[in-house]
Structures are given as structure tokens and as C-alpha cells.
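structural data only, the sequence is not supplied:
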Ligand code: LLP
């Protein structure tokens with residue numbers, strides 16, 4: 001959660017009043033503060049810098065807006081991409097292929113061929129993928145994703161490192177995987193694991209680092225292969241609730257690097273933060289369109305639903321909300337903030353103490369930059385919202401609102417149905 005400036009009872013983002021942004025661009029609208037993106041990127045990179053060389057791979061599944069990718073390209077970021085679509089978006093945003101690491105799971109041959117043609121690095125998830133990749137080309141820089149049997153995360157859906165999950169080469173097969181890669185003519189450069197997302201403490205990251213260091217040493221002693229890059233994945237959580245504490249990234253960097261330096265062949269540590277870099281840079285602005293009292297409940301009806309931001313409905317996630325044009329006013333009533341989708345699971349926030357809301361007020365939904373827009377949909381035939389980038393009082397549209405024509409562009413009615 002960022003602290004937003006309060007100007008005469010108005011929330012300010014990127015030097016502009018949120019209510020003015022809403023009036024100018026319409027709602028719902030995702031609004032991202034460019035300076036915050038740069039600050040977050042630099043903070044996590046700089047935490048590692050004093051200890052050892054670090055590669056920060058922005059996990060672009062969190063946010064693939066081309067303008068945001070441009071900002072991170074300018075900052076020198078690398079990319080964690082999970083699909084050919086993400087890879088191509090990053091290439092279009094100007095990333096050179098060598099700064100992109102493709103980490104797929106259950107990758108089809110079709111996608112593998114496309115990935116190979118792009119010349120990006122490939123983080124191999126299984127022995128099957130290795131064999132299929134070798135049939136396409138061995139002129140590819142590869143690393144392996146191991147299933148480290150260390151898992152953590154804010155919800156069971158996002159724990160990826162536990163033994164029971166579908167991800168990575170099983171730990172007891174990982175030496176065989178490197179051996180086979182060498183036999184096939186690859187020269188693997190690294191080892192990777194990702195424990196899960198929304199992790200709030202340092203301990204699981206230290207634990208997974210120790211697993212990776214152990215494997216690297218075994219690879220070196222058994223196969224004579226010195227792996228250069230140790231990639232601990234992403235998953236650094238953020239404080240979504242006012243009472244949450246931010247993870248100490250300095251301690252995270254210090255603790256992780258102290259387990260690597262001088263203890264294995266790795267010269268570079270790689271991390272893959274998505275949420276940490278982008279979540280708190282963005283608010284979703286949504287207008288109050290309807291206020292309803294049922295006797296025991298007050299509903300604040302807004303124009304954003306789970307089509308716009310699915311995390312509350314999908315994971316039960318908490319996103320802080322504030323009335324942007326009554327910013328700082330004490331709470332008066334408890335509301336459920338609910339959207340226009342025809343399902344009772346359609347909520348943005350539940351049981352929130354807010355100042356009295358009226359039609360026309362603007363609600364700011366915090367920390368919407370990660371897995372907000374990228375997980376949005378056109379459910380109920382509503383186009384995805386506009387995205388706006390703000391910086392020092394300037395606002396630019398970085399994605400237009402989807403129109404009905406955009407939604408229907410790929411549809412066809414067979415002529416026999418036209419009579
Ligand atoms: N690296 C890999 C291999 C990943 O699978 C992920 C996330 C990341 C890095 C970045 O994780 P982060 O630093 O953003 O936590 N939709 C969920 C999160 C799913 C994350 C999936 N993988 C959410 O809204 O919380």
C-alpha cells in the first residue's frame with residue numbers, strides 16, 4: 001500500500017487528483033504512476049547490488065502493458081515470460097531476446113518452435129520438454145526449473161514449489177536432466193525454482209536457495225558442469241492491508257546471497273519479482289453508480305466488477321479501497337463494494353468502513369497493478385477498461401477501452417443462419 005498525497009480531501013496520484021483522472025478518462029480505469037514503477041525496480045535491484053551481481057527478471061504475467069514494459073526495459077530489467085504471447089509483447093516493447101527467460105509449463109511443440117525462433121533463453125520444466133526441444137534445436141541457452149519441494153504463497157492456487165504441484169523437474173531427476181542435456185549437446189547456464197506468490201517472509205526464500213546451492217554443487221561434482229546463474233524465482237509479497245508489514249528486501253537479499261556466495265559455482269543471482277515491482281504502482285478507479293441499503297447491509301455499487309479485477313472473487317484477496325474524492329475523511333458506514341456482474345461472487349471489497357458514499361463518488365482500489373488488468377476479462381460482454389500512465393502531472397492513455405467492435409471482431413455468423 002502506498003501513501004497517497006491528500007490535496008484538500010482528494011487523493012493524488014502522479015501529481016493529479018484521482019477524481020480528475022476519472023472525470024477525464026472515464027471509469028473503470030487503471031492508473032499507473034511511472035515513478036513508482038522505477039522506484040520499486042531500483043529498490044529491489046539495489047538491495048542485492050552490494051552483495052553480488054543480480055539479474056532482475058520482471059515477471060510480466062503481472063502486467064504486460066507495453067508502456068510499462070518499456071519503462072522496465074529502460075531500467076535494464078530482464079524478463080520472466082511464460083508464453084509466446086508474453087515473449088512477443090516484450091520483444092515489441094524493445095527487450096533484446098537475451099534479456100528474456102521463457103519458463104513454460106506443459107509447453108506444446110508448436111510453442112517451443114516459436115520460442116526457439118525468437119532466440120530467447122529457455123528454462124526447461126521437464127525431461128519431456130528437453131527431448132522435444134532437442135529435436136527442434138540444441139542451439140538454445142537453457143536452464144532447468146527444479147521442483148524444490150519448498151512451497152509458499154498467499155493462496156493454495158499460487159503455491160508452485162511444493163512437491164504435489166505440476167511444476168519443474170522432480171528433485172530426484174534433476175541431475176539426470178543436466179546429464180541428458182549435456183549428452184544432447186546443450187550447455188546449460190543455470191538452475192531455477194519458484195516457490196509461489198505473495199510470500200511475506202524471508203525464510204522460504206533462504207530454504208529454496210539452500211536447495212538450489214546443494215543441487216548446483218552436485219551438478220558440478222558429478223558432471224563437472226559449473227552453472228553460472230542461480231534463479232530463486234519471484235514471489236516477494238507486498239502489504240495489501242494497512243496492518244501488513246512490508247517484507248524487508250534488504251534482509252531478503254542479504255540472507256539469500258550469503259547462502260550463495262563462495263558456496264557454489266553461481267556468479268549471478270536472478271530474481272523474478274512481478275507483484276513487488278508493479279502492484280502498488282497502480283490504482284483502479286471506479287465510480288459509485290448505485291447505493292443500496294437492505295436493512296442489515298449497505299452496498300456501494302460501482303462500475304468495476306470481477307471482469308475488471310478478479311483477485312477478490314478468485315482468491316478472496318484483500319484490496320484496500322478509499323473514496324478518492326473524500327480522501328482522509330473518517331469512516332462512517334460499513335459497505336460491501338460490489339460490481340455490475342450478475343453473480344453474487346462479484347465483489348471488490350467486503351465490510352469496509354468508508355465515509356458516506358454517494359452516486360458519483362470515485363473509489364480507488366489499491367495495489368491493482370499486479371494481476372489486475374492481465375487477469376481481467378470481457379465477461380458479461382463488457383470491454384476491458386482503459387489504462388492510463390501518470391507522471392508528474394501528465395497523463396497518457398496506454399491502452400484504450402475495449403469497444404463492442406473489439407469484442408466482436410473475431411466472431412462469424414455462418415451465412416445459413418442469416419436467413
Ligand atoms: N516466476 C515464476 C516462475 C512465476 O510463476 C511467478 C508467478 C513469478 C515469477 C512472479 O510471482 P510474483 O513475484 O508476482 O508473486 N495471479 C496470482 C499470482 C500468480 C503468480 C503466478 N506465478 C495473484 O493474483 O496473486
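Arrived safely. All values derive from a computational prediction rather than experimental measurement.

which elements pack onto the helix or strand encompassing residue 57?
Element membership for residue 57, per DSSP states H and E: strand 54-59. Packing contacts for strand 54-59, counted by 3 or more C-beta pairs under 8 Å, 6 or more residues apart in numbering; DSSP states H and E, involve helix 34-48, strand 78-81, strand 229-231, strand 268-271, helix 275-278. Any C-beta I mention is one placed from the backbone N, CA and C, and that applies to glycine too.

at 6 Å what do you get?
Applying 3 or more C-beta pairs under 6 Å, 6 or more residues apart in numbering; DSSP states H and E, we find strand 54-59 packed against strand 78-81, strand 268-271.

return the most buried member of those.
Compared across those, strand 78-81 shows the largest average neighbour count, a mean of 27 (mean count of other C-beta atoms under 10 Å).

parallel or antiparallel, list what pairs with it.
strand 54-59 (parallel), strand 100-103 (parallel) (DSSP bridges).

list the contacts of the shortest one.
If I follow you right, that is strand 100-103. 57, 79, 80, 81, 82, 87, 90, 115, 120, 121, 122, 123 (C-beta atoms under 6 Å, 6 or more residues apart in numbering).

ok, 8 Å please
Strand 100-103 is contacted by residues 57, 78-82, 87, 90-91, 115, 118, 120-123, 125, 143, 145, 192, 194, 231, 270 when judged by C-beta atoms under 8 Å, 6 or more residues apart in numbering.

may I have the phi/psi pair for the residue in the stretch 251-400 of the chain that the ligand sits nearest to?
In the stretch 251-400 of the chain, the residue that lies nearest the ligand is residue 274 (2.7 Å; C-beta to the nearest ligand atom). When quoted as degrees, to the nearest 10, the phi and psi of residue 274 stand at phi -110, psi -70.

likewise residue 178?
Backbone dihedrals for residue 178, given as degrees, to the nearest 10, come out at phi -70, psi -40.

turn the helices and strands packed on strand 54-59 into TSV, including distance to the ligand and mean pLDDT.
TSV is the format used below for these (distance: least, C-beta to the nearest ligand atom, whole Å; pLDDT from 0 to 100):
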stretch	distance to the ligand	mean pLDDT
strand 78-81	5	98
strand 268-271	9	98
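
circling back: now the angle from the strand holding residue 57 to helix 34-48?
On the basis of axes from the mean of the first three to the mean of the last three C-alpha atoms, to 10 degrees, strand 54-59 is oriented at 140 degrees to helix 34-48.

if we can go back for a sec, distance to residue 168 added to the helices and strands packed on strand 54-59, as TSV?
As requested, these are exported to TSV (distance: least, C-beta to C-beta, whole Å):
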stretch	distance to residue 168
strand 78-81	14
strand 268-271	15
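
could you work out the end-to-end span of stretch 313-320 for me?
Distance across stretch 313-320, first residue to last, is 14 Å (C-alpha to C-alpha, to the nearest Å).

check which element follows the lengthiest strand in the chain along the chain.
Secondary structure of the chain read by DSSP state E shows that its longest strand is strand 282-293. The helix or strand immediately downstream of strand 282-293 is strand 298-302, counting by DSSP H and E.

give me the contact list for that following strand.
By C-beta under 8 Å, 6+ apart, strand 298-302 touches 28, 286-293, 333-340, 348, 354, 357, 363.

ok, residues contacting the helix or strand following it?
Using DSSP H and E, the helix or strand that follows strand 298-302 in sequence is helix 311-315. Here helix 311-315 makes contact (C-beta under 8 Å, 6+ apart) with 154-155, 157-158, 306, 317-319, 345-350, 371-372, 375.

how far does helix 311-315 sit from the chain's center?
The chain centroid and the centroid of helix 311-315 are separated by 15 Å under C-alpha atoms, centre = their mean, to the nearest Å.

so which bits of it are buried?
Buried positions in helix 311-315, judged by neighbour count with 16 or more other C-beta atoms under 10 Å: 311, 312, 313, 315.

I'd like these as CSV, with distance to residue 210 and pLDDT appended.
As requested, the buried residues of helix 311-315 are exported to CSV (distance: C-beta to C-beta, whole Å; pLDDT from 0 to 100):
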residue, distance to residue 210, pLDDT
311, 31, 98
312, 35, 98
313, 37, 97
315, 29, 97
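
Provide a list of residues in contact with the most centrally placed residue in the chain.
Geometric centre of the chain, nearest residue: residue 62, 2.2 Å, by C-alpha atoms, centre = their mean. Applying C-beta under 8 Å, 6+ apart to residue 62 gives the contacts 274, 275, 277, 278, 279, 369, 370, 371, 374.
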